[in-house]
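Novice: The sequence and its predicted three-dimensional model are supplied below.
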There are 2 protein chains.
Amino acid sequence: MKIGILGYGNLGRGVEAAVNAAKDMELAAVYTRRAPESLKIASAEVPVKSVKDLDTGKEDIDVLIICGGSATDLPEMTPKYAAMYNVVDSFDTHANIPVHFENVDKAAKAAGKIGLISCGWDPGMFSLSRLYATAILPNGKDYTFWGRGVSQGHSDAIRRIEGVKDARQYTIPVPAALERVRNGENPELTTREKHTRECFVVAEDGADKAKIENEIKTMPNYFADYDTTVHFISEDELLRDHAGLPHGGSVIYTGETGNSGNKHVIEYSLKLDSNPEFTGAVLTAYARAVDRLNKEGVKGGKTVFDIAPSYLSPLSGDEIRAHYL
Amino acid sequence: MKIGILGYGNLGRGVEAAVNAAKDMELAAVYTRRAPESLKIASAEVPVKSVKDLDTGKEDIDVLIICGGSATDLPEMTPKYAAMYNVVDSFDTHANIPVHFENVDKAAKAAGKIGLISCGWDPGMFSLSRLYATAILPNGKDYTFWGRGVSQGHSDAIRRIEGVKDARQYTIPVPAALERVRNGENPELTTREKHTRECFVVAEDGADKAKIENEIKTMPNYFADYDTTVHFISEDELLRDHAGLPHGGSVIYTGETGNSGNKHVIEYSLKLDSNPEFTGAVLTAYARAVDRLNKEGVKGGKTVFDIAPSYLSPLSGDEIRAHYL
C-alpha cells in the first residue's frame, strides 16, 4: 500500500512515523508547497516532491494523506485531490463539516475514489465513542473533556500579543466536573465549570507583564470565559519543560435502561504524549481502510462512522476474531 | 423494524427493555421453550409464542435476537435460525468462536441472511476497543480488567457446593495493577495480580461454614488462582444488598509512536448498574445494523468488527455528522 503525505508540519511527521511503523505500507513520497530540495524529511530514502506533481493525477500512490490546516488549506485541497486520488484529511472546523463533506463526496464519487474527512481523535475516535454510546443507550447524555494538553490555537493567540516572545497554553479539565459526570449526575456545566486554562509565557525584555496577563485573561472566545492562570517563565524553561505536544481527554456518556432507573457510564479516554503522532497514527489506520474499501469498489465521501473496524487492521477476519473478540 | 426475542431470562428481558426504548423498533414476539401461556412478559401487548413457531421459517420478524446460553443453546440455535432469519447472539465461549462463526456463516450465506455472533460488551464493545487501539498503535499491548461486578458463572459454582443456599460473587480489579497499566508500565501480571474475588454466601442451617469457605477458595479454575474473600450473610442481607447484577471493567491499551518513545494510553471503561440490560441494549443496536445491512444485500456471518458504526444509529448520515462528529 503506497501512501503519499501532503504537508510536512507536525502532523505530516506524525503520519510519516505511523506509515513507517506499518508493515503493510510504504511511504511513496512527501509533497510540499516549499521548494522540495529545501525540505529534509526523516525518511532519508523517500522522495520529497512538489505539490504540483500531484496535479497530473498520475502519482503512484494508493492514498494521499492531506496534512493541512482546516481554515484555508483543506477546504480547497481535499476536494481537489479527491478528484484524482483516495484521500484522508483531519478537517476539524465543526460548523463547516456539512459543506466540506458535500464537496469531497461529489469530487470523490465522480472520480471513483474515496475521500475520508475529519479523521483523528476529535473529530475521530471521540466522535466514534459518542456515536456508539448513543446508539446503545438512546436515553442518555454525552460530555467531552479535553486535556490536560497543549492547545496550539490558544498558544498562537498568546504569541500574537505585543511583548510576547513565546507561549504554551494547556487546557485542563476541572476535576470536580469530571467527577460529577462520572458519578452519573448529568450536570449542566458552563464553559468555565468544565475547563481551566494555564499559560506559560516568555515575555520580551522590558515588556509590561501585567498588561500581557490582562490581555490574555480578557481575550474574547479564547480566554475570557475561562479561569485562566498565567505564568511568566524564561525561554530556557519553556524549551526544557514545555517542548512536547501532549494532549488527551475523555468522552463520558451516561445513560439509562429499563424501568428501574439502571444507570450506565461509558468512558473513552486518551492520554497522549504526542498529539500529532497519535493523530497521524489514526489517519494512517484509516488510510488502510480507504485503500481496501476502494479496491472493493466503494467510492465517495466518508467519515469514521462509515468504516467497519475490521478494515483498519492489517489482519484477516479469522485472525481478528481469534485475537481481539 | 420487527424484532423477535428467543429466550426470556435476564438477557431476554434486557433486550425487551432496549427494543421498547427504540423508536424505530417494534417487539413482534417473545419465543420460549416453556409453555407460552405460562410465561408473563413485561410488554403486555406482545405475544408470547412457542419456540416451535420459529421452525416454520415464516415468522414475521426482521431480526431474531437469541438470548440463550453459550454452553449448549447457542451452538445449536444460532446456525439453525440463521438459516431462516437474520439473527444476533452473544456467544462468549472464546475458544469455540471460530467453529461457531463458521457454522453461522455457512447457514446465513445459504439463506441470504446475516448472523451476527458474540455481541455484547465482552465480547463486543471491549473487543472493538482492543481492535481500534491495536490498529492505530500496532506497537503496544492491551489489558482487560473486569469488575467490580457480579460473575454469574462464579456465583453458580458456589451455589453447587453442599450446604450453600445462595451466593453472589464479585470480580474486582486490583487497584495497584490498574494503576501500573494506566501509567504505561506495561507490566506482566499474573491472574492473582489482576483480580480478586469476593463471595457473599448464604449457608444452609447447620452447614459447616469452614468447609464451604475452603471448598470455594480451593476450587480449580474458578477461585484457586485468586485471592478470594468469603463472607457469610443472611438470606435477607443477600436479597437486600446483592439483588442487582452490576458489572463493568476497562480495556486499557498502551502503545508507542515515533522514535522519541512517545507513549499513549487509550482506555475504554464501563460502569454498569445492570449487566443484562446493557448487554441487551448492545444486541438491540446491532440488530438494527443487521436489518439495514441485510436490506442492502449483505449476508453471512458477522461480528461487531464487520459493522460500520453508522448502521447502529437510527439517524441519517447528515444527522450523525452534524451531531456526533
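Specialist: Cool, got the structure.
Novice: could you pull out the helices for the stretch 151-300 of chain A?
Specialist: Secondary structure of the stretch 151-300 of chain A by DSSP state H, counting those that start in this stretch: the helices cover A:152-159, A:175-182, A:191-194, A:209-217, A:235-241, A:275-295.
Novice: most tightly surrounded among these?
Specialist: Counting by mean count of other Cβ atoms under 10 Å in any protein chain shown, helix A:275-295 has the highest mean neighbour count of these, with a mean of 25. Using the backbone N, CA and C atoms, a C-beta is placed for each residue, glycine as well.
Novice: Give me the helices and strands touching the helix or strand following it, please.
Specialist: For helix A:275-295, the succeeding helix or strand toward the C-terminus, using DSSP states H and E, is strand A:300-302. Judged by 3 or more Cβ pairs under 8 Å, 6 or more residues apart in numbering or on different chains; DSSP states H and E, strand A:300-302 is in contact with helix A:97-111, strand A:114-116.
Novice: so how many other residues sit close to A:Lys141?
Specialist: 17 (other Cβ atoms under 10 Å in any protein chain shown).
Novice: Residue of the stretch 101-250 of chain A closest to chain B, please.
Specialist: A:Ala135 (3.8 Å; Cβ to the nearest Cβ).
Novice: And the residue most central in space within chain A, how close does it get to A:Gly300?
Specialist: Chain A has A:Gly120 as the residue nearest its centroid, 4.0 Å off, counting by Cα atoms, centre = their mean. From A:Gly120 over to A:Gly300 the distance is 20 Å, taken as Cβ to Cβ, to the nearest Å.
Novice: Could you do A:Ser38 as well?
Specialist: 37 Å.
Novice: A:Val174 now?
Specialist: 41 Å.
Novice: Neighbour count for these two, which is higher?
Specialist: Higher neighbour count among A:Val174 and A:Gly300: A:Gly300, with 21 against 18, using other Cβ under 10 Å.
Novice: show me the contacts for the residue nearest to that one when sequence neighbours are not counted.
Specialist: What sits nearest to A:Gly300 in space, not counting adjacent residues and going by Cβ to Cβ, 6 or more residues apart in numbering or on different chains, is A:Lys109, at 4.5 Å. Residues in contact with A:Lys109 (Cβ atoms under 8 Å, 6 or more residues apart in numbering or on different chains) are A:299-301.
Novice: any idea which of those is closest to chain B?
Specialist: Among the contacts of A:Lys109, and counting by Cβ to the nearest Cβ, the member closest to chain B is A:Gly301, at 9.2 Å.
Novice: Which pLDDT value belongs to the nearest residue to the closest one once chain neighbours are set aside?
Specialist: Spatially, and ignoring its direct neighbours in sequence, A:Gly301 is nearest to A:Asp105 (2.9 Å; Cβ to Cβ, 6+ apart). We have a pLDDT of 98 for A:Asp105.
Novice: Strands of the stretch 51-200 of chain A, residue ranges please.
Specialist: A:63-66, A:86-89, A:114-116, A:140-146, A:149-150, A:164-173, A:195-203 (DSSP state E, counting those that start in this stretch).
Novice: Tell me which of those lies nearest to A:Val181.
Specialist: For A:Val181, the closest of the strands of the stretch 51-200 of chain A is strand A:140-146, at 4.8 Å, according to Cβ to Cβ.
Novice: what's in contact with the closest one?
Specialist: Taking Cβ under 8 Å, 6+ apart as the rule, strand A:140-146 contacts A:122, A:126, A:130, A:133-134, A:171, A:173, A:177-178, A:181, A:186, A:189, A:194-195, A:247-256, A:264.
Novice: Please put the alpha-carbon coordinates of it into CSV.
Specialist: C-alpha atoms of strand A:140-146 as CSV (Å, rounded to 0.1, in the frame of the first residue of the first chain):
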residue,chain,number,x,y,z
GLY,A,140,-28.5,9.5,27.8
LYS,A,141,-26.2,12.4,27.6
ASP,A,142,-22.6,12.8,26.5
TYR,A,143,-19.8,15.0,27.8
THR,A,144,-16.4,15.7,26.2
PHE,A,145,-13.5,17.0,28.3
TRP,A,146,-10.2,17.9,26.7
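Novice: can you state the direction angle for that strand and helix A:175-182?
Specialist: If you take axes from the mean of the first three to the mean of the last three Cα atoms, to 10 degrees, strand A:140-146 sits at 150 degrees to helix A:175-182.
Novice: Let's test this: mean pLDDT of strand A:140-146, rounded?
Specialist: The model assigns strand A:140-146 a mean pLDDT of 97.
Novice: Chain B contacts on the stretch 101-250 of chain A?
Specialist: Proximity of the stretch 101-250 of chain A to chain B (Cβ under 8 Å from any Cβ of the partner chain) is limited to residues A:101, A:118, A:123, A:125, A:127-132, A:134-139, A:182.
Novice: buried subset of these?
Specialist: Listed as buried from those are A:101, A:118, A:123, A:125, A:127-132, A:134-138, A:182; burial here means 16 or more other Cβ atoms under 10 Å in any protein chain shown.
Novice: residues near A:Thr218, how many?
Specialist: A:Thr218 is flanked by 11 other residues according to other Cβ under 10 Å.
Novice: so it makes contact with A:Tyr226?
Specialist: No. A:Thr218 is not in contact with A:Tyr226 according to Cβ atoms under 8 Å; the separation is 11.1 Å.
Novice: which ones are touching the residue of the stretch 101-250 of chain A closest to chain B?
Specialist: Here A:Ala135 is in contact with B:285, B:288, B:309, B:312-313 (Cβ under 8 Å, 6+ apart).
Novice: Also A:Lys23?
Specialist: Taking Cβ under 8 Å, 6+ apart as the test, what A:Lys23 contacts is A:314, B:138.
Novice: where does it fall, helix, sheet strand or coil?
Specialist: Under the three-state scheme (DSSP: H, G, I helix; E, B strand; the rest coil), A:Lys23 adopts coil.
Novice: Check what pLDDT it gets.
Specialist: pLDDT, read off for A:Lys23, is 96.
Novice: Look up how far A:Ile97 lies from it.
Specialist: 33 Å.
Novice: what's the answer for A:Arg168, then?
Specialist: A:Arg168 is 29 Å from A:Ile97, by Cβ to Cβ.
Novice: Equivalent analysis for A:Leu272, please.
Specialist: 23 Å.
Novice: possible to save the helices of the stretch 151-300 of chain A as a markdown table with distance to B:Ile5 and mean pLDDT?
Specialist: As requested, the helices of the stretch 151-300 of chain A are exported to a markdown table (distance: least, Cβ to Cβ, whole Å; pLDDT from 0 to 100):
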| stretch | distance to B:Ile5 | mean pLDDT |
| --- | --- | --- |
| helix A:152-159 | 50 | 94 |
| helix A:175-182 | 32 | 96 |
| helix A:191-194 | 40 | 96 |
| helix A:209-217 | 58 | 98 |
| helix A:235-241 | 58 | 97 |
| helix A:275-295 | 34 | 98 |
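Novice: could those helices go into TSV alongside distance to A:Glu319?
Specialist: Below are these laid out as TSV (distance: least, Cβ to Cβ, whole Å):
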stretch	distance to A:Glu319
helix A:152-159	38
helix A:175-182	35
helix A:191-194	41
helix A:209-217	52
helix A:235-241	43
helix A:275-295	15
